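A.B. asks: Quick check, what structure comes out for this input:
(one chain, ligands or ions: 1)
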Amino acid sequence: MSSENSTPSVATTGESTPIATPSATSNDASASTTSYPKGITPIKAQYLVPKAPVIKDETLAHLSEAVEAQGDAGRVGEGSNNNEEDKTNENNKRDRKDKHVKNNRKKRGGQNQDRVVTRRIEDEVQLCFKVAKGAECEKGDSCKFNHDIKKYLDAKGKDLGDRCVNFERFGECHYGYKCRYLNAHMDADGQLIKDEEKMAKAETETMNVFSHDLTLNLRAYKFDFSRSQAYMKKMAEEQAEAAARLKEAQEAKKAKMEGVETSAEAAETEPATAEQPAKVQEEKDLTEQESKDVKEPKATIVQDEVSHKDTPDVPLRACEKKKIDFRGKTYLAPLTTVGNLPFRRICKGYGVDITCGEMAMASNLVQGHKSELALLRRHKSEDIFGVQLTGNKIDVVVRACDMINQVANVDFVDLNMGCPIDLVFNAGSGSGLLGSPGKMKKMITGMKSVLDVPVTVKFRMAIYDKKPIGTQMTSIYHDLGAALGTLHGRSRQQRYTKLADWDYIRDCALTNRGTPGGDNYMPLFGNGDILGPSDYYRHLEEHKVDGCMIARGALMKPWIFEEIKSNRDWDISSGERFDMMKQFCNYGLEHWGSDTQGVNQTRRFLLEWQSFLHRYIPAGLLEVLPQRINDRPPAFLGRNDLETLMASSDVADWIKLSDMILGPAPEAFRFDPKHKANSTNVEG
Ligand SMILES: Cc1cc2nc3c(=O)[nH]c(=O)nc-3n(C[C@H](O)[C@H](O)[C@H](O)COP(=O)(O)O)c2cc1C
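C.D. replies: Numbering: from 1, shown residues only. Sure thing, here's the model as predicted:
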């Protein structure tokens, strides 16, 4: 082990490593092709160890002390129950429990069938929210929640820290007595404290927080969907006309075959070309398919089925619409679960330009599901922000857009045509839409007709490996007037098994998309496997894309956006990474709340993120930069204990890290990552 390896843990959390280094090799594309055993991350010999290091409790205790000694302004979770003995006992208890849980996994179907079912963790005494805020509850004795503050506080357990981020930011904490950092805003007489001056200045930073009335209106069918209804009416009329044309053409053909002469007038108005009946038939097929609840998408796409001349002619009001110049901007991918608002704030802090919410189901939005509506939330720092929709029914997706247009503040709406998961694909949504071009075209046209902001599309290069359709799709999206296309260079079939096909992305980038800079130009972004600035700039240069979207690379190292801006690799220190995680927790407590449930949500999302973060190999440990996303590292030690702990793939170590920030997890806390051991190989 090098002397660096033996650096005492106390020195690990606060040091600031400047944006570094890695010299000529880092941004040299040829460096990444240097020969190393295939699939293995090239780690410098001095950091290699025979087997994965085990983090001892004593080491953890030192690390916790170091974290406490650091005591910087932004930190949370520095509670009195953070002492060494409590912690060790907690960890031991949890380790035992984890084994117990593993043996008693509740079996379920589907892709997450082995996931441990986690219990919701609640306070022992359920205090009424109004009383918790120091207010009167008008329900009195009929309220089903407890009104006895003393009883609640006696059962609640110790505070997790002595500073409350919500109180500090807004001058009051909405969680009142329920806050796990209560002492920060309770006086010696047990009264809640408010900082009136701060409250007056405090601004809401989260947009698209909707009232309960919206849910009620949507559920009671009282929401005004007139714009989307107009589009659906127009589409229905066009379909009726198309059906009439088909009938007429068939009758004319039949009459011809029977030798009966058709009237000259009929022949003039409706010349029955070979192409038209086929087009009309496609419309009819589509109508029939939509009337069923689509179970199986049309899985393959035949070359000449992809015609975009049949798109309904809807006025687009293009000149009135907001325009965004996406070219050359960095784009954080939509990421279900992990691409939550606190994570996006972290990425904004590292300079990402474009952010997008997690994929939302159009049907749940129009039904007013609160958890789905919450996916539209936007932080004020997100200055180019879009929401992503998925759906299999034209009218539902168009209505969702209509609703978004009226109630939400967004810069663009993205249609997901890439999601490969069975549930979504088999319903004809996500990548399933690639197999129903007629429907997809009407959907996009409808979205454009009701939205005052641009419509963008995210798609895969194919459903099946051997049938790439990316080039056709690119030209269709361009002709439909999509404001941006983002192409993930994989087929639905291949999932993450092989590297993204950037040569094919280049073929798509080279298809006609209008004149760059012109009104009819559709920028194309590439997406797949970017983990460093050299990847990013190589794709811009060699693969002719207008920009790149980054997903797993941002989860593993959100500072990638800063690396791209400065075009240098950054050998970020473990202390700086730890500070980033603390910042996430502060944002999390603000977003999910500082009460018991909010703290647990924050912990859970931190751990989901850690299931990606731990895969980052510090730049200073690598023989060759950048790290390759699909390579796996041999066992190695970090340059200090915290770096080693952060690289652990053991969930118990991730929980220990969360304990260092948020205080010890409750005994009942369980965690099973959504994205398992091969956590970088997940769906999207
Ligand atoms: C955890 C996770 C969640 C994802 N969620 C979404 C999503 O909600 N919408 C979407 O279009 N793609 C989603 N994706 C796919 C990514 O946006 C991206 O297309 C894919 O991971 C390839 O990019 P990468 O190689 O940079 O990871 C997700 C990917 C991951 C890893």
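A.B. asks: where in the protein is pLDDT low?
C.D. replies: Filtered on pLDDT under 70, the chain yields the residue ranges 1-36, 67-119, 260-320, 676-684.
A.B. asks: Could you tell me which residues of this structure lie near the ligand?
C.D. replies: Counting by CB under 6 Å from any ligand atom, the chain comes close to the ligand at 333-336, 338, 358-359, 388, 416, 418-419, 458, 488, 527-530, 550-553, 675, 682, 684. Placement of C-beta: from N, CA and C, glycine included.
A.B. asks: Under a three-state scheme, what state does Met199 occupy?
C.D. replies: helix (DSSP: H, G, I helix; E, B strand; the rest coil).
A.B. asks: Tell me how far it lies from Cys173.
C.D. replies: Going from Met199 to Cys173 by CB to CB, to the nearest Å gives 11 Å.
A.B. asks: Those two: which has the busier surroundings?
C.D. replies: The neighbour comparison of Met199 against Cys173 (other CB atoms under 10 Å) goes to Cys173, with 29 against 11.
A.B. asks: which SS class is that one?
C.D. replies: coil.
A.B. asks: Now do the contacts for Thr602.
C.D. replies: By CB atoms under 8 Å, 6 or more residues apart in numbering, Thr602 lies in contact with Pro342, Cys585, Gly588, Leu589, His591, Trp592, Leu662.
A.B. asks: cutoff 10 Å now
C.D. replies: By CB atoms under 10 Å, 6 or more residues apart in numbering, the residues touching Thr602 are 76-77, 342, 584-594, 658, 661-662.
A.B. asks: Could you do Trp654 as well?
C.D. replies: Residues near Trp654 by CB under 10 Å, 6+ apart: 603, 606-611, 613-614, 645-646, 648, 671, 673.
A.B. asks: quick one on the thing from earlier: now, the residues of the chain next to the ligand that are in strands?
C.D. replies: Applying DSSP state E to the residues of the chain next to the ligand, the entries found in strands are Gln388, Asn416, Lys458, His488, Asn527, Ile550.
A.B. asks: isn't the last one right next to Ile560, touching?
C.D. replies: Yes: with contact defined as CB atoms under 10 Å, Ile550 reaches Ile560; the gap is 6.3 Å.
A.B. asks: list residues touching both of those two?
C.D. replies: With CB under 10 Å, 6+ apart as the test, Ile550 and Ile560 both reach Thr330, Leu332, Cys347, Val352, Ile530, Leu531, Asp535, Tyr536.
A.B. asks: Contacts only, for the fifth one.
C.D. replies: In this case it means Ile530. Residues near Ile530 by CB under 10 Å, 6+ apart: 330, 500, 502, 536, 538-539, 548-554, 560, 564, 626, 629.
A.B. asks: what about 6 Å?
C.D. replies: Ile530 makes contacts with Tyr536, Cys548, Ile550, Gly553, as judged by CB atoms under 6 Å, 6 or more residues apart in numbering.
A.B. asks: try the third one
C.D. replies: In this structure, Cys347 makes contact with Leu332, Ala554, Pro558, judged by CB under 6 Å, 6+ apart.
A.B. asks: what's the burial count for the last one?
C.D. replies: Put plainly, it is Pro558. 28.
A.B. asks: do the same with the first one
C.D. replies: Using other CB under 10 Å, the number of residues around Leu332 comes to 27.
A.B. asks: hey, what's it bridged with?
C.D. replies: Counting by DSSP bridges, Leu332 forms beta bridges with Ile550.
A.B. asks: Distance check, Glu382 against the ligand.
C.D. replies: Distance from Glu382 to the ligand, counting by CB to the nearest ligand atom, to the nearest Å: 16 Å.
A.B. asks: Determine the next helix or strand in the C-terminal direction from the one helix or strand Asn364 maps to.
C.D. replies: Secondary structure assignment for Asn364, by DSSP states H and E: helix 362-366. Per DSSP H and E, the first helix or strand lying C-terminal to helix 362-366 is helix 370-373.
A.B. asks: Pull that following helix out as PDB, backbone CA atoms only.
C.D. replies: Presented in PDB, the C-alpha positions along helix 370-373 are these (Å, rounded to 0.1, in the frame of the first residue of the first chain):
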ATOM      1  CA  LYS A 370     -50.600  13.400  -7.100                       C
ATOM      2  CA  SER A 371     -47.400  11.400  -7.300                       C
ATOM      3  CA  GLU A 372     -47.400  11.700 -11.100                       C
ATOM      4  CA  LEU A 373     -48.100  15.400 -10.900                       C
END
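A.B. asks: Counting only strands, which of the contacts of Thr602 make the cut?
C.D. replies: Per DSSP E, the contacts of Thr602 never map to strands.
A.B. asks: Buried ones only from those, please, as a PyMOL command.
C.D. replies: Here is the PyMOL command that picks out the buried ones among these, judged by 16 or more other CB atoms under 10 Å:
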select buried, resi 76+77+342+584+585+586+587+588+589+590+591+592+593+594+658+661+662
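A.B. asks: Just the ones of the contacts of Thr602 in helices?
C.D. replies: 342, 584-592, 658, 661-662 (DSSP state H).
A.B. asks: Point me to the residue of the stretch 201-350 of the chain nearest the ligand.
C.D. replies: Relative to the ligand, the nearest point of the stretch 201-350 of the chain is Ala333 (3.3 Å; CB to the nearest ligand atom).
A.B. asks: Tally up the residues packed near that residue, please.
C.D. replies: The tally of other residues near Ala333 (other CB under 10 Å) stands at 24.
A.B. asks: Next: the one 5 residues further on.
C.D. replies: Other residues near Val338 come to 20 when the count uses other CB under 10 Å.
A.B. asks: ok, it touching Leu607?
C.D. replies: No: the criterion here is CB atoms under 6 Å, and Val338 misses it with Leu607 at 10.4 Å.
A.B. asks: Would you list the phi and psi of Leu192?
C.D. replies: In terms of degrees, to the nearest 10, the main-chain angles of Leu192 are phi -70, psi 140.
A.B. asks: and what of Val450?
C.D. replies: phi -100, psi -10.
A.B. asks: swap in Thr355?
C.D. replies: The phi/psi pair for Thr355 (degrees, to the nearest 10) is phi -130, psi 160.
A.B. asks: Tell me how many other residues surround it.
C.D. replies: By other CB under 10 Å, 26 other residues sit near Thr355.
A.B. asks: now swap in Ile476 and tell me
C.D. replies: The burial count for Ile476: 22, using other CB under 10 Å.
A.B. asks: Convert the C-alpha atoms of the helix or strand where it lies to CSV, please.
C.D. replies: Ile476 belongs to helix 470-480 when elements are defined using DSSP H and E. Output of helix 470-480 as CSV, limited to C-alpha atoms (Å, rounded to 0.1, in the frame of the first residue of the first chain):
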residue,chain,number,x,y,z
GLY,A,470,-33.2,5.6,-36.5
THR,A,471,-32.5,7.3,-39.9
GLN,A,472,-36.1,7.0,-40.9
MET,A,473,-37.3,8.2,-37.5
THR,A,474,-34.9,11.1,-37.6
SER,A,475,-36.4,12.3,-40.9
ILE,A,476,-40.0,11.8,-39.7
TYR,A,477,-39.4,13.8,-36.5
HIS,A,478,-37.8,16.5,-38.5
ASP,A,479,-40.7,16.7,-40.9
LEU,A,480,-43.2,16.7,-38.0
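A.B. asks: So what touches it?
C.D. replies: Against helix 470-480 from outside (CB under 6 Å, 6+ apart): 306, 308, 444, 457, 459, 461, 485, 487, 507-508, 511, 513, 522.
A.B. asks: which residues in the stretch 151-300 of the chain form strands?
C.D. replies: If DSSP state E, counting those that start in this stretch is used as the criterion, the strands of the stretch 151-300 of the chain fall at 206-207.
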